[in-house]
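Student: Provided below for reference: sequence and predicted model.
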Amino acid sequence: MSETPGFPAAAARPGSAGAREQAARAAELDAADPLAAIRDRFVLDAAPDEASGGAGVYLDGNSLGALPRAVPGRIADVIAREWGELRIRSWTESGWWTAPERIGDKIAPLIGAGPGRVVVGDSTSVNIFKAVVGGVRMAGKGCTEILVDATTFPTDGYIARSAARMTGLAVRPVEPGGIADEVTERTALALVNHVDYRTGRLNDLPGITHALHSAGALAVWDLCHSAGALPVGLDAHHVDLAVGCTYKYLNGGPGSPAYLYIRESLQERFESPLPGWNSHADPFAMEPGYTPADGIRRGRVGTPDILSLLALEAALEAWDGVSIEAVRTKSLALTDFFLACVQAYVPPDLVRSLTPQAHERRGSQVSLACSPQLGSSFGQGGTPVAGQVMDELIRRGVVGDFRHPDVLRFGFTPLYTSFADAERAAWVLGEVLRALPGVSSGDGG
Ligand SMILES: Cc1ncc(COP(=O)(O)O)c(C=O)c1O
Ligand SMILES: Nc1c(O)cccc1C(=O)C[C@H](N)C(=O)O
């Protein structure tokens, strides 16, 4: 392990009383964890280990989920047998043609949707386009604007602006907490992130959806950072349209296809802005005129990305026998415990949690703002130190990520993250921060 300039080599971990207490608590929590055995369904590094200095704490499942063990064998079979031997017959005999709806129905219970309401395919960005233009086409004639979450992941804003230009509407950015006050009878829809990608704040999906409906507007939710991490309740809260990716907490793999949810009672009115032949009522009639399919199939576009789709289907087997409620319970316990360990191990005032303390406002990540006012060797011209801190954490085996300008993000995937992982990550963070110039170095804990 080569050293990062400015950071000493990782020291052997001293056994202070505080650290022993947190490590013992982690062991207790792991022993009592009903989801602990699910970790074996994933390919991960060996568990943190005191003797070796600990390797492999993966806290970036909110960007790219870990590999489920069921995927490689399934994909090998798809390639060798379904493609290699059956070839074109697999569209029917191996169920390739119906995979987008079949896999949509497997995701549906995780986001509180009944069967026939979710279709898998295309990227989240493309599905945002379908949902926003499709939503505007269903909105009242006098509508002049689309509200967009002012703190949104950028792709949503970019696409909403383009969709607005194409439909003659304006985009107005609004903080999610202000939507109930800002929505008017001229609002066609609001596009909102369920969990904020930077801070991990969980927005009030039931309340915001209700406020939008009261003003006659549609609610379009981006579930990228909530699906697979917490209950969403799409049907129960009468959400109109929703999109989300499958490569984060659903562990579908890099670039795995996204999904589109259309409320059942709206499906008949949904007019896709991308009416490709897969969404036609009779695709193999190959008629020049377009007639949309009934039901959720009208959310499809063109030929599905079969290898990625079937990798996702195998990945979803990791959910067999797991309830999303149990995942939420563990997620909150993990993030509570991580925050407690950060408080115990990190010298005061070096980091500040951007993630809400309140459980009802917290997603499944912890974002820590890392102060820019540290030693000059770390902050050239006022550049925050957080990026270098994350580089050093990764070098020491704790993988989170960094978002500009000063955010350290740690994602907790309850299917495979242990309490020992959380404790180890907080310890290493404290160690890295104590090594910064001008920070007094105790042994933490
Ligand atoms: C909230 C949100 N929406 C959309 C995306 C990305 O969409 P796409 O998969 O099309 O790149 C991300 C992350 O990449 C995201 O965090
Ligand atoms: N989608 C990503 C990608 O293709 C490459 C690297 C990262 C990502 C991400 O998922 C970013 C992520 N949505 C975020 O929350 O920052």
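Tutor: The structure has been received and is ready for your questions. Numbers count the residues shown, from 1 in each chain. Ligands and ions are numbered 1, 2, ... in the order given.
Student: which residue is the nearest non-sequential neighbour of residue 163?
Tutor: residue 132 (4.2 Å; CB to CB, 6 or more residues apart in numbering). (Each C-beta comes from the backbone N, C-alpha and C, glycine too.)
Student: surely the one you found touches residue 192?
Tutor: No: here residue 132 lies out of contact with residue 192, judged by CB atoms under 8 Å, at a distance of 11.7 Å.
Student: ok, these two, which is more surrounded?
Tutor: Neighbours per residue (other CB atoms under 10 Å) separate residue 132 from residue 192, with residue 132 holding more: 31 against 27.
Student: who does whatever helix or strand residue 148 lives in pair up with?
Tutor: Per DSSP states H and E: residue 148 is located in strand 145-149. Sheet partners assigned to strand 145-149 using DSSP bridges are listed as strand 170-174 (parallel), strand 187-193 (parallel).
Student: give me the contact list for the next helix or strand after the first one.
Tutor: The one in question is strand 170-174. Next helix or strand after strand 170-174 toward the C-terminus (DSSP H and E): helix 179-182. Residues from elsewhere that reach helix 179-182 (CB atoms under 8 Å, 6 or more residues apart in numbering): 147, 172, 174, 190, 192, 207-208, 211-212.
Student: any chance of the residues you listed in JSON lines, with pLDDT and distance to ligand 2 too?
Tutor: As requested, the contacts of helix 179-182 are exported to JSON lines (pLDDT from 0 to 100; distance: CB to the nearest ligand atom, whole Å):
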{"residue": "147", "pLDDT": "98", "distance to ligand 2": "21"}
{"residue": "172", "pLDDT": "98", "distance to ligand 2": "23"}
{"residue": "174", "pLDDT": "98", "distance to ligand 2": "21"}
{"residue": "190", "pLDDT": "98", "distance to ligand 2": "20"}
{"residue": "192", "pLDDT": "98", "distance to ligand 2": "15"}
{"residue": "207", "pLDDT": "98", "distance to ligand 2": "24"}
{"residue": "208", "pLDDT": "98", "distance to ligand 2": "20"}
{"residue": "211", "pLDDT": "98", "distance to ligand 2": "26"}
{"residue": "212", "pLDDT": "98", "distance to ligand 2": "24"}
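Student: so which of the residues you listed are also by ligand 1?
Tutor: Among the contacts of helix 179-182, no residue lies close to ligand 1 (CB under 6 Å from any ligand atom).
Student: need the buried ones from those selected in ChimeraX.
Tutor: Only the buried entries of those go into this ChimeraX selection, using 16 or more other CB atoms under 10 Å:
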select :147,172,174,190,192,208,211,212
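Student: what is the most widely separated pair among the contacts of helix 179-182?
Tutor: Pairwise distances across the contacts of helix 179-182 peak at 19.3 Å for 172 and 207 (criterion: CB to CB).
Student: near ligand 2, which residues of the protein?
Tutor: Residues of the chain found near ligand 2 (CB under 6 Å from any ligand atom) are 63, 153, 197, 224.
Student: and the biggest helix by length in the chain, C-alpha only, in PDB?
Tutor: Ranked by residue count, the top helix of the chain under DSSP state H comes out as helix 324-345. Extracted as PDB, the C-alpha positions of helix 324-345 are listed here (Å, rounded to 0.1, in the frame of the first residue of the first chain):
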ATOM      1  CA  ILE A 324     -38.400  -4.200   2.400                       C
ATOM      2  CA  GLU A 325     -39.600  -3.400   5.900                       C
ATOM      3  CA  ALA A 326     -36.800  -5.500   7.500                       C
ATOM      4  CA  VAL A 327     -34.300  -3.700   5.100                       C
ATOM      5  CA  ARG A 328     -35.600  -0.300   6.400                       C
ATOM      6  CA  THR A 329     -35.200  -1.300  10.000                       C
ATOM      7  CA  LYS A 330     -31.600  -2.400   9.400                       C
ATOM      8  CA  SER A 331     -30.800   0.600   7.300                       C
ATOM      9  CA  LEU A 332     -31.800   3.000  10.100                       C
ATOM     10  CA  ALA A 333     -29.900   1.000  12.700                       C
ATOM     11  CA  LEU A 334     -26.800   1.000  10.500                       C
ATOM     12  CA  THR A 335     -26.900   4.700   9.800                       C
ATOM     13  CA  ASP A 336     -27.700   5.500  13.500                       C
ATOM     14  CA  PHE A 337     -24.700   3.300  14.600                       C
ATOM     15  CA  PHE A 338     -22.400   4.800  12.000                       C
ATOM     16  CA  LEU A 339     -23.300   8.300  13.200                       C
ATOM     17  CA  ALA A 340     -22.600   7.300  16.800                       C
ATOM     18  CA  CYS A 341     -19.200   5.800  15.800                       C
ATOM     19  CA  VAL A 342     -18.300   9.000  13.900                       C
ATOM     20  CA  GLN A 343     -19.100  11.000  17.000                       C
ATOM     21  CA  ALA A 344     -17.000   8.700  19.100                       C
ATOM     22  CA  TYR A 345     -14.000   8.500  16.700                       C
END
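Student: which parts of this protein sit against ligand 1?
Tutor: By CB under 6 Å from any ligand atom, the residues of the chain that approach ligand 1 are 123-125, 153, 155-156, 193, 197, 222, 224-225, 245, 258.
Student: residue 297 versus the closest residue to residue 236 other than its chain neighbours, what's the distance?
Tutor: Distances taken as CB to CB, 6+ apart place residue 112 nearest to residue 236, at 5.8 Å, with adjacent residues excluded. Separation of residue 112 from residue 297 (CB to CB, to the nearest Å) stands at 21 Å.
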